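Engineer: return atomic coordinates for the entry below.
(chains A and B)
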2 protein chains.
Amino acid sequence: MVPEKIADVSLENILQIFTLPEKPDSTLAKMEKQISEDRNLFFSEHIISQKKTLNDMEQDFSNSAIPEQPEFISKHAQHLLDALVAHSAYTSSPSFVGHMTSALPYFLMSLSKIMIALNQNLVKIETSKAFTPLERQVLGMLHRLIYSKNETFYSKRMHNSKYSLGAFCSGGTIANITALWVARNNALKAQGNFTGIEKEGLFRAIQYYGYSGLAVLVSERAHYSLKKAADILGIGQEGLVMIKTDSDHRIDCIDLQNKITTLRTKKVKPFAIIGIAGTTETGNIDPLTELAAICRKENCHFHVDAAWGGATLMSNNHRHLLDGIELADSVTIDAHKQLYIPIGVGMVLFKKPDITNSIEYHAQYVLRKGSKDLGTRTLEGSRSGIVMLVYASMHIIGRLGYELLIDQSIEKAEHFASLINQQSDFELLSQPELCLLTYRYIPHRIQKILSMASEKEIIEINALINELTKFIQKRQRDIGKSFVSRTKLNPVKWKRIEIVAFRVVLANPLTTLDILKDILIEQRKIALQDAKLNARIRSLF
Amino acid sequence: MVPEKIADVSLENILQIFTLPEKPDSTLAKMEKQISEDRNLFFSEHIISQKKTLNDMEQDFSNSAIPEQPEFISKHAQHLLDALVAHSAYTSSPSFVGHMTSALPYFLMSLSKIMIALNQNLVKIETSKAFTPLERQVLGMLHRLIYSKNETFYSKRMHNSKYSLGAFCSGGTIANITALWVARNNALKAQGNFTGIEKEGLFRAIQYYGYSGLAVLVSERAHYSLKKAADILGIGQEGLVMIKTDSDHRIDCIDLQNKITTLRTKKVKPFAIIGIAGTTETGNIDPLTELAAICRKENCHFHVDAAWGGATLMSNNHRHLLDGIELADSVTIDAHKQLYIPIGVGMVLFKKPDITNSIEYHAQYVLRKGSKDLGTRTLEGSRSGIVMLVYASMHIIGRLGYELLIDQSIEKAEHFASLINQQSDFELLSQPELCLLTYRYIPHRIQKILSMASEKEIIEINALINELTKFIQKRQRDIGKSFVSRTKLNPVKWKRIEIVAFRVVLANPLTTLDILKDILIEQRKIALQDAKLNARIRSLF
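Structural biologist: This is a model prediction of the structure:
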């Protein structure tokens, strides 16, 4: 029997773990090889593993004590394979269409390994050297993708310590927080005997400026992280003023204007307006040019949350959907969405490269004044060299490659939408602008009944259909051949009552129309499986 | 000649990049193999590459346009090797002792590749499945390491959706911000007709409670990120009240008490006190038990920033240095420091597992109420499955392995400190408690002169020595055999005037005493190389 634990632990054998081995561990090497060749080997027959209940998995990971004795690498690698990897979510499967995950370019696996081996820290040049200019260049590329300034603009600013064209961060949440932080600090900056909100704090800032509060305005389809942003920045969730949306889930600019007027009468300062370019739930895009005009008129910072939709700018055929984004003071883009980078990479870009002066920080042991260290103007401190993966993808996929990917995802969504529209027992709830759409299953006869029902009946019937949608979504997930997510919407069509919807994100380039057809067929079949619910539905006939 | 760019880009050849290849790309495979076998191959003869100037590197990364045509993988991999990897910082070199970087356990390279291939998103169970209980377990392990609660405590809470024992995040900065966010929200919570700061914002919160401002107290050796935290949370940098330190760089509790009294008379609410367990610049630890008593008495949240020192808890021989940490309401620990995980992993742990209710967020499409999704109580949204690396290291190194690593790093620092003390021309500026220390070079004759100098002379001479220290540090970095960082201190010994110091972090387990001896020899040699400066120094004799 092979011993599981190392009995006599010496410093010598621990130090060996830090030295590159002459022969790699065989189990690890096998795992690595397998995962580079056929990912299916690692997953169960279920996309979201069902071999064990969550409760059973919790049993596997229930020991709160750190093990005393070291374990052999091979032994532990096998344990990871059996207890963890085999029960993870198969997010790269072509039939996982429920969230913004996807298969990734395979070369990123090798590059990730190299990135970890280099273990650079981009907070400062001393621990990153060439990675610092690299990150400044990639920020320049994204800035140019949005703002299309001329060569001189970039050659003067990209590598200049006085400016930052943007910031890399762990994701869209931190990117949005960074943008609103900059906006808040600029709205309440030093003036007269007031030394600025960054020094004196929000309470004295509001007193000095004579406001009664602060507000950020955004449509009701805003990502939930903006509530966190409002909370952490001291504005309060109530300061995140939600604006109505139209039948296409886009911000209603009249409601926006009215809300601004109301705020001003209350002496609340609206300092930022957020346009969404790709709502999380339906993929719709706010009218950005109109929003920009309102921002200019109302002297508000204009932020665009393009965490999802930003990659659309790569396609010359579809970038017009985001017209007006070039007027934004700041833009959030997630690289780990449709730029196909692994989880953990967001960016915020700033139109004016000196706007971040209001969040500049220095330290004695690093980040000295005048240095080009990236850490002087980021919310986060230590950061990895993951920008290498963005840079490599930009080159290996190229703008043309990204264009093809974006185009096919939008086409696929349009195809799927017409497929849904062709079915008499499905209802499309949001027409795709990008590659997201929502829909639900309603038996044909119920649709007819609904079309003639009273308001009260509409509410009752939809409550029942909501139950059915939930049932179908959960059962389909549990069967595990595919995964569609669900959300709640308040569509204009249904007089804004709460509707549970299937949500599909067609980001994975390997998802085929056949897979989508099968998803509808399975959903229709599942719909009949809850006898009780079906009896209640039939009682409506 | 091999073509560099792919001329006819088709969707088909782009989709191939998303499919696992039958044969891996040869250049990438070679890079991977090399980096797993001998990292030295990748680096120049300099630890921080000097083959090119920063300016030249900026030229290499100066194109702000995203390339149109895709590039062949092999071709681009070679470019990355030549232009980027060869000019990065050799942070894992045993003679890179300037920052908190180190060689890492080699098995993490393979695991990172697998992690990227799985591309889990830990914001929710649907995209992470077994990774969610895994992360909850690792948080449980770290919680137990700090707070040593009993089995029942963990079995009841570790996997309970109502609680979170802590949060994983991208690093110590976000961990500290999260802790202070929780503390601020609990200090200004709902009461009477006030619905809480998270809803109404900081201005109304302070009005309701009748304060004139908020304060967080911490020693003057605080990490610079706490200023960012105070800014973003709306407290303002002036609300981060810096407390004097004693001759060992530890917080002066009498000054702390006095400052609290002053704040209270001004109606400023001190809501949190931060103890540092391992200051960034000198590695010292505040008297945590004393701070805890003051927090209890003053009704303040007690946060401990153990980003650096937290790993010391792994050693039963040295964990007593952090006595009192178990009294903290929250603790920051970085896994990417002495837990030897790649950059990008911090944690915050909370003593009371329901304290994070004040920062709980939900969304319709995920993070529903009652779910065990980790994203409900983290500042960040999407997060990678990097916790797998922490889990694996805990098992493969084991507590005993970590103990050996911690012990040897502290011993090495003690040895190096005595080595410095033995030299007549070096001055130790901070006695190591953990594995950090600061020192400088002063010619023996100058030391004698200083010992009899007037206050004015002390200032003048030290200004000159500061120049010398800077010169030595930069030159040594440029020679590139080793890397020592520098910082500024205001030591009690030198009447708190500004002293430039070498800063050494002995985290890399492969750093030997011989390397350290050579560093001193080289520094002494370099000291004589600036003729002008030496002439000015000699003129003091």
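Engineer: residue ranges of the helices in the stretch 101-250 of chain A, please?
Structural biologist: Along the stretch 101-250 of chain A, counting by DSSP state H, counting those that start in this stretch, helices occupy A:107-118, A:131-147, A:151-157, A:172-187, A:197-200, A:202-209, A:225-232.
Engineer: so how many other residues sit close to A:Lys30?
Structural biologist: 15 (other CB atoms under 10 Å in any protein chain shown). To be clear about C-beta, it is placed using only N, CA and C from the backbone, and glycine gets the same treatment.
Engineer: could I get the average pLDDT for the helix or strand hosting it?
Structural biologist: Using DSSP states H and E, A:Lys30 sits within helix A:26-37. For helix A:26-37, the mean pLDDT works out to 84.
Engineer: report the buried residues of that helix.
Structural biologist: By 16 or more other CB atoms under 10 Å in any protein chain shown, the buried positions in helix A:26-37 come out as A:27-28, A:31-32, A:34-36.
Engineer: low-confidence ranges, chain A, go.
Structural biologist: Residue ranges of chain A with pLDDT under 70: A:1-4, A:39-45, A:49, A:364-366.
Engineer: am I right that A:Leu419 sits in a helix?
Structural biologist: Yes - using DSSP: H, G, I helix; E, B strand; the rest coil, the assignment for A:Leu419 is a helix.
Engineer: and it, how far from A:Phe96?
Structural biologist: 19 Å (CB to CB, to the nearest Å).
Engineer: which of those two has more neighbours?
Structural biologist: A:Phe96 (26 against 16).
Engineer: residues touching the more buried one, list them.
Structural biologist: Applying CB atoms under 8 Å, 6 or more residues apart in numbering or on different chains, we find A:Phe96 in contact with A:47, A:89-90, A:482-483, A:508.
Engineer: of the residues you listed, which are in range of chain B?
Structural biologist: Checking the contacts of A:Phe96 against chain B by CB under 8 Å from any CB of the partner chain, the ones in range are A:89, A:483, A:508.
Engineer: that older thread, now, which of the buried residues of helix A:26-37 lie close to chain B?
Structural biologist: Among these, the ones lying near chain B by CB under 8 Å from any CB are A:28, A:31-32, A:35-36.
Engineer: mind picking the two most distant members of these?
Structural biologist: Maximum pairwise distance in these, criterion CB to CB, is 12.6 Å, between A:Leu28 and A:Ser36.
Engineer: chain A: strands as residue ranges?
Structural biologist: Per DSSP state E, chain A carries strands over the ranges A:166-169, A:213-219, A:240-243, A:268-276, A:301-305, A:330-334, A:346-350, A:426-430, A:436-441, A:485-489, A:499-505.
Engineer: for chain B, which of those strands is the nearest?
Structural biologist: Set against chain B and scored by CB to the nearest CB, the strands of chain A come closest in strand A:485-489, at 3.8 Å.
Engineer: in its sheet, what does that closest one sit against?
Structural biologist: Strand pairing for strand A:485-489, using DSSP bridges, gives strand A:499-505 (antiparallel).
Engineer: which other residues reach the strand it pairs with?
Structural biologist: Defining contact as CB under 8 Å, 6+ apart, one finds that strand A:499-505 is touched by A:97-100, A:281, A:283, A:413, A:416, A:429-430, A:435-441, A:462, A:465-466, A:469-470, A:472-473, A:484-491, A:516, A:519, A:523, B:365.
Engineer: which parts of it are buried?
Structural biologist: By neighbour count on 16+ other CB under 10 Å, the buried set for strand A:499-505 is A:499-505.
Engineer: closest one of those residues to B:Pro70?
Structural biologist: Each of those was scored against B:Pro70 by CB to CB, and A:Val505 proved nearest at 24.6 Å.
Engineer: using TSV, please lay out the helices of the stretch 101-250 of chain A together with mean neighbour count and distance to chain B.
Structural biologist: Converted to TSV, the helices of the stretch 101-250 of chain A look like this (neighbours: other CB atoms under 10 Å in any protein chain shown; distance: least, CB to the nearest CB, whole Å):
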stretch	mean neighbour count	distance to chain B
helix A:107-118	25	4
helix A:131-147	25	4
helix A:151-157	15	4
helix A:172-187	26	4
helix A:197-200	23	5
helix A:202-209	22	3
helix A:225-232	24	5
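Engineer: of all those helices, which lies closest to B:Gly309?
Structural biologist: Nearest of these (CB to CB): helix A:107-118, 24.5 Å.
Engineer: and the angle for that closest one with helix B:107-118?
Structural biologist: Counting by axes from the mean of the first three to the mean of the last three CA atoms, to 10 degrees, helix A:107-118 lies at 150 degrees to helix B:107-118.
Engineer: how far does helix A:107-118 sit from its chain's centre?
Structural biologist: A distance of 23 Å separates the centroid of the chain from that of helix A:107-118, by CA atoms, centre = their mean, to the nearest Å.
Engineer: neighbouring contacts of stretch A:451-465?
Structural biologist: A:440, A:442, A:446, A:449-450, A:494-495, A:497-500, A:533, A:536-537, A:540.
Engineer: give me that answer again for 7 Å
Structural biologist: A:440, A:442, A:446, A:449-450, A:494, A:497, A:499, A:536-537, A:540 (CB atoms under 7 Å, 6 or more residues apart in numbering or on different chains).
Engineer: and if you look at stretch A:142-150?
Structural biologist: Under CB under 7 Å, 6+ apart, the answer for stretch A:142-150 is A:154, A:165-166, A:313, A:325-326, A:331, A:333, A:347, A:349, A:351, B:64-66.
Engineer: you'd agree A:Asn508 is up against A:Ser102?
Structural biologist: Yes - with contacts counted by CB atoms under 7 Å, A:Asn508 reaches A:Ser102, the gap being 4.1 Å.
Engineer: need the residues of the stretch 251-400 of chain A near chain B, please.
Structural biologist: Residues of the stretch 251-400 of chain A lying near chain B by CB under 7 Å from any CB of the partner chain: A:280-281, A:336, A:342-344, A:361-365, A:379-384, A:388, A:392, A:394-400.
Engineer: out of those, which are buried?
Structural biologist: Counted by 16+ other CB under 10 Å, those give A:280-281, A:336, A:342-344, A:361, A:363-365, A:379-384, A:388, A:392, A:394-400 as buried.
Engineer: that'll do, ta.
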